[in-house]
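**Q** Here is my input; please provide its structure:
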Amino acid sequence: MELNLQKPLLFFDIESTGLNIPTDCIAELSFVKIMPGGEERIKTWRFKPWDYALDMQHPMNPSASAVNGIKDEDLKDCPRFCDSIDEILEWIEGSDFAGFNSAKFDLPMLAEEFERAARYLGRELPVDLHGVKMVDVQNIFHLLEPRNLKAAYRFYCGGEDFENAHSAEADTVATYKVLKGQLDRYPDTLKNDVNFLANFSTTQTGRNNVDYAGRLVYNDKREPVINFGKHKGKTAREVYLTEPSYFAWIENGEFTLDTKRQFARIKHEIDTERKAQRDAKNNRPATDDELKSLKDKFNGTLFG
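**A** I've put the predicted structure just below:
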C-alpha cells in the first residue's frame, strides 16, 4: 500500500559513535524522503564526529564500530555535522518524520547534534523536533507483532533478509518498506494517515516526555513534572519557585542539551509570567484606601 501523504514523510536512521546521547555523535545520517504522490528522494551523509569543546574528532566506541562497521579512519576526511547544517535543514523543512525505534534514540540524537551545532555556530536554527509528527515503525511493530527490524522485514516484505543491515541507508529503506507492509497487513487497525500513525506509534506506548531523555514528563494536567532524583513527582514550577538553584544545577550538569533547553524554557516562561504580574501590580491605579493613606502621610496625620 502506498502512503497517503499530505506533506513529505522523512524516514531517517542514524549510526553513531556510541549510545550516550549527551557525549556521543552522529557518524552517518540517512534520509529517505517520500513526497505526496510517491516520489522517493534519498540522501546519506557521513560526518567526522566532532567534540566542539576540545575541537577534535570524537572517537568511535569499539562496540559501536563492531555493529555499524564504521571506523575512525573512515570519517577523518568527512565534513562535520555543523558543516552540512543548511543542507540537512533543507531536507527536513516541511516534513513529518518516520523511523524504526527513532523516537527513543535517533530523534533525540539528531536534536542533540542540532543543539551543539547551534551553540557552535552562534545561531538559532529554524527547527524544533519536538513539534514534528513522528511515526515510529518499531512501536507499531511491537504493538502488533513484537520483533526487531530484520524480523519485521521478513514478516512484512516477503520473507527475505535485507542486505547491509546496520548501514544507515539500508535500515532506512527497509523501515520505509516495513511501514507500507504494515498498512497492507492491518487495514482494519491502521489508517493510512500520518497523524494517526504518529499518534498510534508514540502515545500508545505511554510516552509523555517533555524532553527526549524523559527527565521531565507531563502529568494529567499537562504540567511538566520532574521525573528523577530527589524532586521526582514534583512539578517543575514548584521546584523552580522553592529551589531555583536546582535549575542552575541542571544547566551545569551532564544532561543532554535538549533537557537543558526544556528546563531553560520552563524557567523563562515562569520568569516572564512573574514579571508580567509584577508589572501589572505596579501599573494598576491606586485604590481609594491607598490614595487616602498617601494623603494622610503627606498631611502629617498618618502617625499623628
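**Q** Could you pull out the buried residues of the lengthiest helix in the chain?
**A** In terms of residue count, the longest helix belonging to the chain (DSSP state H) is helix 257-283. Counting neighbours by 16 or more other Cβ atoms under 10 Å, one finds that the buried residues in helix 257-283 are 257-263, 266-267, 270. (Glycine included, C-beta is placed from N, CA and C.)
**Q** For L107, state which of those is nearest.
**A** Distance ranking of the buried residues of helix 257-283 against L107, using Cβ to Cβ, places D258 first at 9.7 Å.
**Q** measure that closest one to G158 for me?
**A** Counting by Cβ to Cβ, to the nearest Å, the gap from D258 to G158 is 38 Å.
**Q** Likewise for L179?
**A** Remark: distance between L179 and G158 (Cβ to Cβ) = 15 Å.
**Q** Those two: which is more packed in?
**A** Counted by other Cβ atoms under 10 Å, L179 and G158 do not tie: L179 has more neighbours, with 28 against 9.
**Q** My reading is that that one is in a strand; is that accurate?
**A** No: secondary structure of L179 (DSSP: H, G, I helix; E, B strand; the rest coil): helix, not part of a strand.
**Q** ok, now how distant is the nearest residue to it once chain neighbours are set aside from L197?
**A** Leaving out its chain neighbours, the residue that sits closest to L179 by Cβ to Cβ, 6 or more residues apart in numbering is V137, at 4.9 Å. Distance of V137 to L197, given as Cβ to Cβ: 9 Å.
**Q** which residues are common contacts for the two?
**A** Residues touching both V137 and L197 (Cβ atoms under 8 Å, 6 or more residues apart in numbering) are 98, 179.
**Q** the domain parsing of this protein - what is it?
**A** Each domain of the chain is listed here as a residue range: 9-205, 216-283, per automatic domain parsing.
**Q** Deepest-packed of those, please.
**A** With neighbours defined as mean count of other Cβ atoms under 10 Å, these peak in mean count at domain 9-205, which reaches a mean of 18.
**Q** pLDDT on that one, on average?
**A** Within the predicted structure, the mean pLDDT of domain 9-205 is 92.
**Q** Alright, calling it a day.
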